[in-house]
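Peer 1: can you look at this prediction? I've put the sequence above it.
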Amino acid sequence: MITCCITNDIETTSIVNGGLREDTGIKVWKEGIPALLDVYDEYGVRATFFYIATFAKHCPDIVRMVQARGHEIACHGMTHEHTQAFDILSYDRQLAHLREAKAILEDIAGEAVVSFRAPALRVNKDTPRALAEAGFRFDSSVAPQRFDMFMSLGSKGKLPWIRAPRAPYMTASDNLARKGDSGIIEVPVSARILPYIGTFMRISPTLTAALRRGLYRELRADNRKVANFLIHPNEVITEEDLHLPTQRRGANFISYLLSDVLRRHLKQRNLGPAALSLFEKELAFWQKKGAAFRTICGHGQNACGIPR
């Protein structure tokens, strides 16, 4: 049977200017998450929601409303602030960060949180060991053969994606993009040169449809592989303050131009109801193909031949 993971990153990032905004978080809570939950009910989807822990701590209802609908609660770290990205944190800081975020989410959910995704998919050689020590069992921070990485922050650290396995695997203790015996199971975000994510879906629905068909053929040939689609609730909302200046995150002018200005312009296409409509087409495709919608923590021995 073909397997499809629908994964949601819950944060307060404004797509309009790239900054972290409380007003954006409120709209994610009040509009974005409810809209996605209703669609998941319609298509019979059990999804995984990766939470920024500080956001969840200040607004625990964003966890409880998802948990009540039967979805997995997972960790997206403490903050999406780019100065606290995992690829620039030491092992000790990562471990402290992970333990604090995990404790916050487990306190709200009242259950174990075992899956993680790094903000902006930024990790380093210390991340697998920190995840294992903090009590995580699954990760979804690698996008094998994804080649648009140069338009994102931390692009140099994402080069190992080029040779990463495409089916779920146990990672190496010093590299999430390589097989090993760390105890952490990687469930990769899908890509075939282009990423299978909400941002690209909105930028080019036509190319996304072609990408989806290619992934389907790949999964039919090898059912160990998984279609893992990444979306953000802030993609299905609109923000009234469309003239906010672009927040500068890049360390130099070229990085600023590519990862902030150009990326911001592209990412604003088809926001709000248009994004939700496009997303429903993705879900309808996999439903029609008889795919099993599985959470990230559902990938144990039966899913990929890896012991739990």
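Peer 2: Arrived safely, thanks for sending.
Peer 1: hey, let's count contacts and neighbours off CA atoms from now on
Peer 2: Fine.
Peer 1: what packs against the top helix by length along the chain?
Peer 2: Longest among the helix segments of the chain by residue count, using DSSP state H, is helix 91-109. Contacts defined by 3 or more Cα pairs under 8 Å, 6 or more residues apart in numbering; DSSP states H and E place helix 91-109 against helix 53-58, helix 61-67, strand 72-75, helix 127-134.
Peer 1: just the ones you listed: most buried one?
Peer 2: strand 72-75 (a mean of 27; mean count of other Cα atoms under 10 Å).
Peer 1: in PDB, could you pull the C-alpha coordinates for it?
Peer 2: C-alpha atoms of strand 72-75 as PDB (Å, rounded to 0.1, in the frame of the first residue of the first chain):
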ATOM      1  CA  GLU A  72       0.100  13.500  16.100                       C
ATOM      2  CA  ILE A  73       1.600  16.300  18.300                       C
ATOM      3  CA  ALA A  74       5.300  16.700  17.400                       C
ATOM      4  CA  CYS A  75       8.100  19.200  18.100                       C
END
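Peer 1: who does the top strand by length along the chain pair up with?
Peer 2: Taking DSSP state E as the criterion, the chain has its longest strand at strand 3-10. On the basis of DSSP bridges, the sheet neighbours of strand 3-10 come out as strand 48-51 (parallel), strand 226-231 (parallel), strand 292-293 (parallel).
Peer 1: can you name the residues in contact with the shortest one?
Peer 2: Among residues not part of strand 292-293, those counted as contacts by Cα atoms under 8 Å, 6 or more residues apart in numbering are M1, I2, T3, C4, C5, I6, G44, V45, R46, A47.
Peer 1: weed out the non-buried ones from these.
Peer 2: I2, T3, C4, C5, I6, V45, R46, A47 (16 or more other Cα atoms under 10 Å).
Peer 1: report all helices and strands that the next helix or strand after the longest helix of the chain contacts.
Peer 2: As assigned by DSSP states H and E, the chain's next helix or strand after helix 91-109 is strand 115-116. Packing partners of strand 115-116 (3+ Cα pairs under 8 Å, 6+ apart): strand 72-75, strand 138-139.
Peer 1: list the contacts of strand 115-116.
Peer 2: With Cα under 8 Å, 6+ apart, strand 115-116 has contacts from 50, 74-77, 136-141, 296-297.
Peer 1: just among those, which is most surrounded?
Peer 2: A74 (32 neighbours; other Cα atoms under 10 Å).
Peer 1: contacting residues around it?
Peer 2: Contacts for A74 (Cα under 8 Å, 6+ apart) come out as T48, F49, F50, Y51, L105, V113, V114, S115, F116, R117.
Peer 1: what residues are bridge-paired with it?
Peer 2: Under the criterion used here (DSSP bridges), A74 is bridged to F50.
Peer 1: ok, it to F55 distance?
Peer 2: Separation of A74 from F55 (Cα to Cα, to the nearest Å): 13 Å.
Peer 1: V226 against L219, yeah?
Peer 2: Yes. In this structure V226 lies within contact range of L219 using Cα atoms under 8 Å: 6.8 Å.
Peer 1: give me the common contacts of those two.
Peer 2: By Cα under 8 Å, 6+ apart, the residues touching both V226 and L219 are I2.
Peer 1: sorry, back to before: distance between the helix or strand following the longest strand of the chain and the chain's centre?
Peer 2: Downstream of strand 3-10, the first helix or strand assigned by DSSP H and E is helix 22-27. Relative to its chain's centre, helix 22-27 lies at 19 Å (Cα atoms, centre = their mean, to the nearest Å).
Peer 1: do stretch 120-131 as well
Peer 2: Centroid separation for stretch 120-131 versus its chain: 14 Å, with Cα atoms, centre = their mean.
Peer 1: ok, back up a step: mean pLDDT and distance to M170 added to the helices and strands packed on strand 115-116, as TSV?
Peer 2: Below are those laid out as TSV (pLDDT from 0 to 100; distance: least, Cα to Cα, whole Å):
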stretch	mean pLDDT	distance to M170
strand 72-75	98	18
strand 138-139	98	9
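Peer 1: to G32, which of these lies closest?
Peer 2: Nearest to G32, of all the helices and strands packed on strand 115-116, is strand 72-75, at 16.5 Å by Cα to Cα.
Peer 1: hmm, back to that, minimum distance to L271: which of the strands paired with strand 3-10 has it?
Peer 2: strand 226-231 (12.0 Å).
Peer 1: tell me the buried residues in that closest one?
Peer 2: Quick answer for strand 226-231 (16+ other Cα under 10 Å): V226, A227, N228, F229, L230, I231.
Peer 1: from A227, how far out is the closest residue to the third one other than its chain neighbours?
Peer 2: Leaving aside its chain neighbours, N228 sits nearest to C5 (4.5 Å; criterion: Cα to Cα, 6 or more residues apart in numbering). Here the criterion is Cα to Cα. By it, C5 lies 6 Å from A227.
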